[in-house]
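K.L.:
Sequence and predicted structure are below.
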Amino acid sequence: MTTTSRWRALSRHHLFWPVAVLVVLLLVNVPFTPDFFSVKMTDGHLYGSLVSIVLFGSPLILVAVGMTLVIATGGIDLSVGAVVAITGALTCSYISDQADQDALSGVLLAMGIGLAAAVVCGLWNGFLVARMGIQPIIATLIIMVAGRGVAQLITDGQIITVNSEPYKLIGGGYWLTLPFSIFVVAAVVAVTVALTRRTALGLLVESVGGNAEASRLVGIRSRRIKIMVYVFCALCAGIAGLMISSNTSAADGNNAGLWIELDAILAVVIGGTSLLGGRFSVGGTVVGALVIQTLTTTIYTIGVPTQTNLVFKAAVVIIVCLMQSPKFRAKVFGGGRFGGRRGDRQAATPADTAPAPEAVRTMEVS
Amino acid sequence: MAEPLPVLEMTGIVKEFPGVRALSGVDFRLFPGEIHALLGENGAGKSTLIKVLTGVYSLDGGTVTLNGTPVRFHSPSQAQQAGISTVYQEVNLCPNLSVAENILIGREPTRFGRIQWKRLRREAAELVDRLGLDIDVDAPLSSYPLAVQQLVAIVRSVGTGDSDGPGSGTRVLILDEPTSSLDRDEVLELFALMRRLKDQGVAILFVSHFLDQIYEVCDRMTVLRNGALVGEHLVRDLDQVGLVQLMIGKALDQLEELHDHQLHADVGESLLTADGVGRTGRIAPFDLEIKKGEVVGLAGLLGSGRTELARLLFGADQPDSGKVTIGGRQVPMSAPNDAIAAGVAFCSENRRAEGLVPDLTVRENIVLALQAARGWTRPVPAAQRDELVAKYIKALDIRPADPEARVGQLSGGNQQKVLLARWLITQPKLLILDEPTRGIDIGAKAEIQKLVVSLSEDGMAVLYIAAELEEVLRLSHTIGVLRDRKLVAKLANGPEITPTRILETIASGEHQ
């Protein structure tokens, strides 16, 4: 294998572009923060920009991983931000009612109640989408809007603060020198990968998203699968909600997880999962979420004025999306030298020969 | 015949995909006012040649000249503007729009940026009229059967750049398998349309797997094999046997074997009984019995209810009357799962929309039905899965023999084999095949028919639907004849049953 062909094989890997973008974004920080990559040990805790990125990116990774499965079935879940708020509000209000906020059993029960509420939200979404046949974007819009109201009702429109050591651990604590959130995220990602790739769930999800009618005719119980992914997505959002409220020791029904659904969708797309459904990549989504978090961090470190930081973010996102488009790369770099991602979907044409991926992907769609 | 200048000439065409040389130095010419057949097995390079010509694929070598001027198209729309229009095998129209909108989509008459609806309808109606067709342009396209949709696609394609008469703008019309979903009358209508266009000087490139049709309508043919040119002949100079030998590059023993085949006699006990099963508006209540090891063929014109009958027996549509008993147990048929659990498998006629998951690999597509039956918690163990997949790729000769290939990239015949493999690994008791040989080449066709024979010999019941009566006759023990969405006759196959006899039954609608 020559260097060129190895490079080409590498550039075709479905994680190549997301990782490349992440690396570039990280490097951009170095001129502004020379010790960007250094990690220091203070008081038995690891500190550094990289650790912070993962720590602050944790809720987004969780939400995006759940979102990945929903999107793979051809759906979308706009309600995750509201679920974050509901879970945080319920858990915090339960803890704040406790006489002893540091009691582990009380905290665990509170978290259980919060997550149960998330599961109920997921069931509702799944019911509307799979049973009632409502379009996912509309079905999940209901909780996106109404859910914030529910969260406000729970907190009486106030920001509930808690002062609970055990609860603080999830979003703000440390374990084995690292933020505890990182372990939670690692566990959720590992469970997701195992759930989808060690069982047949991943295949069935991709089949339902790739061709719903064919899946029905092959005997896949697609309703059940869809309800499962919406519940799973809501559960992930619920855990993210615990993390966010734990980190600030407060539940803010209005702002907790605000717009996180959009970042999550973006993370999924950057990670190489098509919004049309079908093939998905959990690994890609994790990288995608890290890209977005790194971008947010970068905006602060390079000192983009606050009032323009959304514009800056938008510009970077546009560039990232363009870089990921095989068509754009073919135009700019010429000849479609770089293969596309796995998730690319051009209408598969019944061809006489097995056509090359590039040929199909770079063709003009007229 | 003095040869005029070709309207289109392709010389030394080369097209490469990584690892595959799809076309190696193919020459092709097309004269005005001729119908030219492009022939070859699946994978011979026909579609690739057409796609290179129409700018879907870029060219890796060779030249294309149109009316003596070298051209190079980078997109289908460029080719269309230059007067090369294409109608593909699968209808690429919008079923939810009206016929008129479909015909003129993309070039609607506008004034001040607004679409002139009246004029749009009038122009579409005129175009349909001039081409001698009887289609209501205001009706939604989806209200017409696939066959008429195909004709609309041709009208649309011919109408491109059409200002002073039908086809005035189109100099080259490419028809890729236009007849694969048409019945005999519709084929004749299409041929009449083709001849009219030919008389107006349009050069027509015609791709079809039906050799009889080639001989009926074409003047000249070009044969490809494995991406190379085998020869260009006048149709009257080459007989069918010679042609098939050119196409497959070997003698016809494989096909002859089938012709000599005798139906095996050991049909077993009853497997499936349908009592008064029907669905309003789809098919009238019918009774049908299928026995173990029996092949039941369904004959009838397109739209006569063949597919509808099959779908009811699979639960793909829910019957609203009658009951289905499989193996002595009544099956509710409220969803395909019920039928699948009872051992029924169904390969839809619509491979792309109802069969394949194009994004997934060959392996994943093959294992899908088995996996669905096991549920998500019990994945097929990797070793067992790989072994099964390898076994069926080999047994059915699926090419490329790569379980990792994306199924959307396979040729039609190989996609059909993937679907067959998907169901065969579930070891069904009844296999329903709806047009399994449509749009696939003659070699794969023979293989699939042989497979049906050997499966039934092993005791599997098969419900076989095909447009070609000979095909149904050759394979079936019993032939169900459908007419106007009604099962009108069940004939036991025998020497006295001929295609003519079946046609008479279809025509009279009576059991004789």
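P.N.:
Received it, and whenever you're ready, just let me know what you need.

K.L.:
Now name the helix or strand holding the residue most central in space within chain A.
P.N.:
The centroid of chain A falls nearest to residue A:64 when counting by Cα atoms, centre = their mean (1.2 Å). Taking DSSP states H and E as the criterion, residue A:64 maps to helix A:49-72.

K.L.:
Just give me the neighbour total for the nearest residue to residue B:240 once chain neighbours are set aside.
P.N.:
The shortest distance from residue B:240 to any non-neighbouring residue, by Cβ to Cβ, 6 or more residues apart in numbering or on different chains, is to residue B:211 (5.4 Å). In this view, the C-beta of every residue, glycine as well, is placed from N, C-alpha and C. Residue B:211: 16 surrounding residues under other Cβ atoms under 10 Å in any protein chain shown.

K.L.:
what's the neighbour count on the residue nearest to residue A:222 when sequence neighbours are not counted?
P.N.:
Excluding the flanking residues, the one nearest residue A:222 by Cβ to Cβ, 6+ apart is residue A:208, at 4.5 Å. Residue A:208 is flanked by 26 other residues according to other Cβ under 10 Å.

K.L.:
show me what contacts residue A:208?
P.N.:
With contact set as Cβ atoms under 8 Å, 6 or more residues apart in numbering or on different chains, residue A:208 has these partners: A:73-74, A:215, A:220, A:222, A:225-226, A:277.

K.L.:
Residue B:299 too?
P.N.:
Counting by Cβ under 8 Å, 6+ apart, residue B:299 has contacts B:306, B:469, B:472, B:479-482, B:502, B:506.

K.L.:
what's it sitting at in phi/psi?
P.N.:
Main-chain dihedrals, residue B:299, degrees, to the nearest 10: phi -120, psi 150.

K.L.:
Now do the same for it: its pLDDT.
P.N.:
In this model, residue B:299 is scored at 88, pLDDT.

K.L.:
From residue A:44, how far out is it?
P.N.:
82 Å (Cβ to Cβ, to the nearest Å).

K.L.:
helix/strand/coil for residue 205?
P.N.:
Going with chain A. Counting by DSSP: H, G, I helix; E, B strand; the rest coil, the backbone at residue A:205 sits in helix.

K.L.:
To clarify, I was referring to chain B.
P.N.:
Counting by three-state DSSP, the backbone at residue B:205 sits in strand.

K.L.:
and the closest residue to it other than its chain neighbours, how far is that from residue B:153?
P.N.:
Among residues not flanking residue B:205 along the chain, residue B:174 sits closest, at 4.5 Å (Cβ to Cβ, 6+ apart). According to Cβ to Cβ, residue B:174 stands 12 Å off from residue B:153.

K.L.:
Return every residue with contacts to both of the two.
P.N.:
With Cβ under 8 Å, 6+ apart as the test, residue B:174 and residue B:153 both reach residue B:87.

K.L.:
Pick out whichever of the two has more residues nearby.
P.N.:
Shown here are residue B:174 and residue B:153; by other Cβ under 10 Å, residue B:174 has more neighbours (25 against 22).

K.L.:
Just confirm the more buried one contacts residue B:79, I think it does.
P.N.:
No: the criterion here is Cβ atoms under 8 Å, and residue B:174 misses it with residue B:79 at 9.3 Å.

K.L.:
Can you check which residues contact both of the two?
P.N.:
Residues touching both residue B:174 and residue B:79 (Cβ under 8 Å, 6+ apart) are B:53-54, B:86.

K.L.:
Quick one: residues contacting the residue of the stretch 51-200 of chain A found nearest chain B.
P.N.:
Using Cβ to the nearest Cβ, the closest approach of the stretch 51-200 of chain A to chain B is made by residue A:200 at 4.1 Å. Applying Cβ under 8 Å, 6+ apart to residue A:200 gives the contacts B:371, B:374-380.

K.L.:
if we can go back for a sec, narrow the shared contacts of residue B:174 and residue B:79 to those in strands?
P.N.:
With strands taken from DSSP state E, the overlap with these comprises residue B:86.

K.L.:
need the next SSE after the worst-scoring helix or strand of chain B on mean pLDDT, C-terminal direction.
P.N.:
Using mean pLDDT, DSSP states H and E, helix B:253-259 stands out as the lowest-scoring helix or strand of chain B, at a mean of 49. Under the assignment DSSP H and E, the closest C-terminal helix or strand after helix B:253-259 is strand B:270-279.

K.L.:
Sort out which residues of the top helix by length along chain A are buried, please.
P.N.:
In chain A, taking DSSP state H as the definition, the longest helix is helix A:222-248. Neighbour counts over helix A:222-248 (16 or more other Cβ atoms under 10 Å in any protein chain shown) mark A:222-223, A:225-248 as buried.

K.L.:
Stretch A:20-40 now?
P.N.:
Neighbour-count burial for stretch A:20-40 flags A:21-22, A:25-26, A:28-29, A:36 (criterion: 16+ other Cβ under 10 Å).

K.L.:
can you give me the end-to-end distance of that stretch?
P.N.:
Criterion Cα to Cα, to the nearest Å; first-to-last residue distance in stretch A:20-40 is 26 Å.

K.L.:
tally of neighbours for whichever residue of chain B sits closest to chain A?
P.N.:
As assessed by Cβ to the nearest Cβ, chain A sits closest to residue B:408 within chain B, at 2.8 Å. Close neighbours of residue B:408, defined as other Cβ under 10 Å, add up to 25.

K.L.:
before we move on, what about residue B:44?
P.N.:
27.

K.L.:
Pull the contacting residues for the closest residue to it other than its chain neighbours.
P.N.:
Nearest residue to residue B:44, sequence neighbours excluded (Cβ to Cβ, 6+ apart): residue B:224, at 4.3 Å. Contacts for residue B:224 were tallied using Cβ under 8 Å, 6+ apart; they are B:26, B:38-40, B:44-46, B:49, B:230.
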